[in-house]
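Here you go, sequence then predicted model.
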Amino acid sequence: MRKIYLSVIGFSIICRLNVYSQTRQDTAVNKPAYSLHNIPKQDSTHFNPRKLKLDEIDFVSSYYSQNGNHSAVTGGIGNEKVTDIANGITLNFVRTDRNQNKNTLTAGFGLDVHTAASQAYVSKTGASSQSGTRIYPSLDWTVENAKTGNTFGAGAYYSREYNYNSLGADLHYSVKTDNKNGEFSAKLQGYFDNVTLIYPSEFIPASIAPAKSGKPGAYGNSDNFGSSPRKTYSGSFAYSQMINSRLQIAFLADVVGQNGFLSLPFHRVYFSNGKDTIERLPSSRFKLPIGFRANYFLGDNIILRSYYRYYADSWGTRANTANLEVVYKVSPFFSISPFYRYYTQTAARYFAPYEAASPAQTYFTSNYEYAKFNSQFFGVGFRIAPPGGVLGWRGLHDLEIRYAHYSQNTNLASDIISLNLGFK
């Protein structure tokens, strides 16, 4: 089974989930007449207290459909059909403190519901698709300095699915140059996972399986033998610079380290002698992606957004990504954004297709996530943001619909359509 994580917050074709808008001044009406006894006390800075208030709501919903014939559950062959419905909501609360600094509290919640045909084949008797859910709440607090524009914040995450639990936290910081045309930002993250050990039915002792569920190898029941930890630490760094009124560039780099149980025991591997075993991968992995982004304003109605990334890891994979999006403003309130991404990667040194792995190898996988392939990802987005609100509804200030198609030269293909609604 190809693992698909459709994080509403992280998925690349859904944009602007965390939009921080300028706070609006409250207008008080029907104020009582003041007397010498009820005039509020004010300090020498004439600070006007601003309580934490809900400033913006973003809602995203998407539908994802995938087909392929290289399931990792059955050793690199078999059905990869997956469908996923993802829904996420983000609430942005804003408060101005005594120093006029902007405090933003962002609370998010996501829920994915998916079906995956290959999950049923964890047991060799399986013949139908399985369904599952994933929930992932998040919380972030950010303070923006009113004088310098610098920010500091912290975030926390939780994710739960049928075969793992994950806790995460981050610290993030940004500092602007004196002329405000450049900005350096950094984010440090840590994820602490527990992976459920689910084994294929043929590797479970017959004396154990029936006693637990009555169904030898039943998915998620008798094939569950505890859990194993996995830790991921990452540092993300970026420097952006406004070259002139039309060109903006950014340099990006990530450093990622993983350790713990990085395999999935319900992924089969078939050796060249026809015998099968479970996937086995090293207990550590180091990743180093570096990238470059450039946005160019071509006249008043066209924005070119380009992106390139090079990726390398300690398992031998090397990858290149090139992306171009053209935003065309049909009117000040309506835009169309076609986009295209090309990706290519080399195979990890531990990958072998069905019945090609050697029993003498220490590590092996038939998961095509680690295979040599290239892919294309393209689609179009439509966004409307009229000043009077979408369809005359002043509270709905932003509506965006995006469609994309993904194709891989390993016969994997998918489609996704998403809807993003922004409320003030």
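Received it, and whenever you're ready, just let me know what you need.

number of nearby residues for the closest residue to residue 203 other than its chain neighbours?
Closest residue to residue 203 in three dimensions, ignoring its sequence neighbours and counting by CB to CB, 6 or more residues apart in numbering: residue 278, at 6.5 Å. From N, CA and C alone the C-beta is placed, and that goes for glycine too. The tally of other residues near residue 278 (other CB atoms under 10 Å) stands at 18.

Ok, the one 10 residues further on next?
Neighbour count of residue 288, defined by other CB under 10 Å: 14.

Tell me which other helices or strands whichever strand or helix holds it touches.
Under the criterion of DSSP states H and E, residue 288 resides in strand 284-298. Strand 284-298 sits against strand 247-260, strand 302-313, with contacts defined as 3 or more CB pairs under 8 Å, 6 or more residues apart in numbering; DSSP states H and E.

residue contacts, the residue nearest to residue 203?
The contact partners of residue 278, taken as CB atoms under 8 Å, 6 or more residues apart in numbering, are 199, 200, 203, 263, 265, 266, 267, 268, 269.

between these, which is nearest residue 405?
For those, the minimum distance to residue 405 (CB to CB) is 26.7 Å, reached by residue 267.

ok so, going back, mean pLDDT, distance to residue 55 and mean neighbour count added to the helices and strands packed on strand 284-298, as CSV?
Conversion of the helices and strands packed on strand 284-298 to CSV gives the following (pLDDT from 0 to 100; distance: least, CB to CB, whole Å; neighbours: other CB atoms under 10 Å):
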stretch, mean pLDDT, distance to residue 55, mean neighbour count
strand 247-260, 97, 26, 16
strand 302-313, 98, 26, 16
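
how about CSV for these, with distance to residue 142 added?
CSV is the format used below for these (distance: least, CB to CB, whole Å):
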stretch, distance to residue 142
strand 247-260, 19
strand 302-313, 24
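
Tell me which of those strands sits nearest to residue 383.
Taking CB to CB, strand 302-313 is the member of these nearest to residue 383, at 12.0 Å.

and the helix or strand harbouring residue 189 with strand 247-260, angle?
Counting by DSSP H and E, the element that carries residue 189 is strand 182-198. In terms of direction (axes from the mean of the first three to the mean of the last three CA atoms, to 10 degrees), strand 182-198 departs from strand 247-260 by 30 degrees.

I'd like the distance from strand 182-198 to the chain centre, please.
From the chain centre to the centre of strand 182-198 is a distance of 11 Å (CA atoms, centre = their mean, to the nearest Å).

Give me the helices and strands touching it, please.
Strand 182-198 sits against strand 164-176, strand 224-242, with contacts defined as 3+ CB pairs under 8 Å, 6+ apart.

show me where the stretch 301-424 of the chain has strands.
Listed from the start of the chain, the stretch 301-424 of the chain has strands (DSSP state E, counting those that start in this stretch) covering 302-313, 318-331, 334-345, 373-384, 396-408, 412-423.
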